[in-house]
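Peer 1: Model the structure of this input:
(one chain, ligands or ions: 1)
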Amino acid sequence: MLRVVVLGAAAGGGVPQWNCGCPVCRAARSDHPALRSTQASVAISADGDHWFLINASPDLRQQLLATPQLHPKAGLLRHSPIAGVILTNGEIDAVAGLLSMREGSPFTIYAHAKVLAILKANSIFNVLNEKNVRREPIELDRPFEPTLPDGAPSGIEVLPFTVPGKAAWYLEGKVHPGGSDGTGDTLGLRIRDKASGKYLYFLAACAEVTDDLKSRLAGAPLVLFDGTVWRDDELIVAGLGTKTGQGMGHIAMSGERGAIEALAGLDIGQKLFLHINNSNPALLHGSAERKIAESAGWQIPSDGTEIVL
Ligand SMILES: [Zn+2]
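Peer 2: Numbers count the residues shown, from 1 in each chain. A predicted model of the protein is given here:
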């Protein structure tokens with residue numbers, strides 16, 4: 001059995017974003033609090049007792065508070081069910097939550113060498129003492145089984161693979177601590193319960209659906225996919241920014257080359273958008289965009305959505 005809890009479904013900034021007055025953010029602050037959403041992260045578990053986070057969002061503290069499965073076990077003075085964090089990129093919204101996990105509990109950080117190099121280059125992450133918090137490099141196309149703090153197997157197999165994307169935004173035009181060559185800045189993950197064989201794909205950032213990616217995703221029981229923007233020029237048209245979705249390494253939901261079209265007809269069991277920016281009109285219940293997404297079989301999850309495979 002593979003349990004998945006969507007801790008947060010929003011892109012960087014969350015919904016509402018602190019400095020944003022767009023229609024979605026205004027609605028989330030006032031009449032429609034159900035629109036509120038924290039920054040993207042999911043928790044997975046094979047046994048229901050030990051959990052792994054996929055990315056650690058800046059909203060982690062709030063997410064843990066809202067998720068009883070991740071509370072310390074009753075009767076223990078210090079404990080956390082979180083056995084590890086698997087990072088798929090080095091963006092702020094994927095790594096900043098690590099700083100909220102600094103009170104001495106043991107866990108393991110799994111990340112590609114390029115992302116580990118970013119953590120190493122930023123001394124603030126040394127607050128996670130490597131005696132308690134191991135940093136384990138993961139390699140493309142090499143499956144691994146994350147372990148529990150006592151070294152026991154988790155029962156989960158994770159296969160990292162490269163997807164079209166970008167290095168973290170704050171590194172644009174800068175020297176990448178992990179070197180400028182090669183891939184590893186943006187990972188997709190296949191996560192499989194070893195006992196049942198059930199699996200899901202996690203792709204919170206993806207710039208393009210290639211033929212290789214289509215063949216991976218075909219027939220998958222569950223796909224959590226990049227839903228940052230509805231259309232590529234959304235931020236520019238709304239006057240919210242100067243970047244396109246592609247410029248940020250994110251495919252649009254709509255359009256001929258968008259995610260809805262690209263993933264149609266692949267016989268995927270459940271499709272959820274994740275990492276949804278507050279500018280995206282598909283967040284609004286009853287919007288034409290949401291209807292299009294839903295009629296194509298996509299779910300727009302709210303925080304706390306739980307799926308059992
Ligand atoms: Zn907004």
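
Peer 1: Torsion angles phi and psi at Asp93?
Peer 2: When read as degrees, to the nearest 10, the backbone of Asp93 gives phi -70, psi -10.

Peer 1: right, and it touches Ala11 too?
Peer 2: Yes: applying CB atoms under 8 Å, one finds Asp93 in contact with Ala11, separated by 7.0 Å. Yep, even glycine has a C-beta here, placed from its N, CA and C like the rest.

Peer 1: what do these two both touch?
Peer 2: Listed as contacting both Asp93 and Ala11 by CB atoms under 8 Å, 6 or more residues apart in numbering are Gln39, Ala40, His275.

Peer 1: Going by neighbour count, which of those comes out on top?
Peer 2: Ala40 (32 neighbours; other CB atoms under 10 Å).

Peer 1: separation between that one and Ile276?
Peer 2: As for Ala40, its distance to Ile276 is 8 Å (criterion: CB to CB, to the nearest Å).

Peer 1: Give the residues shared as contacts by these two.
Peer 2: Taking CB under 8 Å, 6+ apart as the criterion, Ala40 and Ile276 both touch Ala9, Ala10, Ala11.

Peer 1: Please look at the last one and Phe273 and confirm they touch.
Peer 2: No: with contact defined as CB under 8 Å, Ala11 and Phe273 do not form a contacting pair (10.3 Å).

Peer 1: more crowded one of these two?
Peer 2: Neighbours were counted for Ala11 and for Phe273 using other CB under 10 Å; Ala11 has more, 28 against 24.

Peer 1: In contact with that one, which residues are there?
Peer 2: When contacts are counted by CB under 8 Å, 6+ apart, Ala11 is found next to Gln39, Ala40, Asp93, Thr228, His275, Ile276, Asn277, Asn278.

Peer 1: on that earlier part again, mind putting the shared contacts of Asp93 and Ala11 into a markdown table with secondary structure and pLDDT?
Peer 2: Formatted as a markdown table, these follow (DSSP: H, G, I helix; E, B strand; the rest coil; pLDDT from 0 to 100):
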| residue | secondary structure | pLDDT |
| --- | --- | --- |
| Gln39 | strand | 98 |
| Ala40 | coil | 98 |
| His275 | coil | 97 |
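
Peer 1: so which of those are also by the ion?
Peer 2: Taking CB under 5 Å from the ion, there is no overlap between the shared contacts of Asp93 and Ala11 and the neighbourhood of the ion.

Peer 1: Return the nearest residue of the stretch 51-200 of the chain with respect to the ion.
Peer 2: Residue of the stretch 51-200 of the chain nearest the ion, by CB to the ion: Asp93 (14.8 Å).

Peer 1: quick one: secondary structure of Ser260?
Peer 2: Ser isn't right for residue 260; it's Ile. Put simply, Ile260 is helix when judged by DSSP: H, G, I helix; E, B strand; the rest coil.

Peer 1: close enough to count as contact, it and Lys291?
Peer 2: No: applying CB under 8 Å, one finds Ile260 not in contact with Lys291, separated by 11.8 Å.

Peer 1: Which one of those two is surrounded by more residues?
Peer 2: Taking other CB under 10 Å, Ile260 and Lys291 do not tie; Ile260 has more neighbours (23 against 12).

Peer 1: in this protein, which helix or strand is least confident?
Peer 2: One helix or strand of the chain scores below all others by mean pLDDT, DSSP states H and E: helix 234-237, with a mean of 88.
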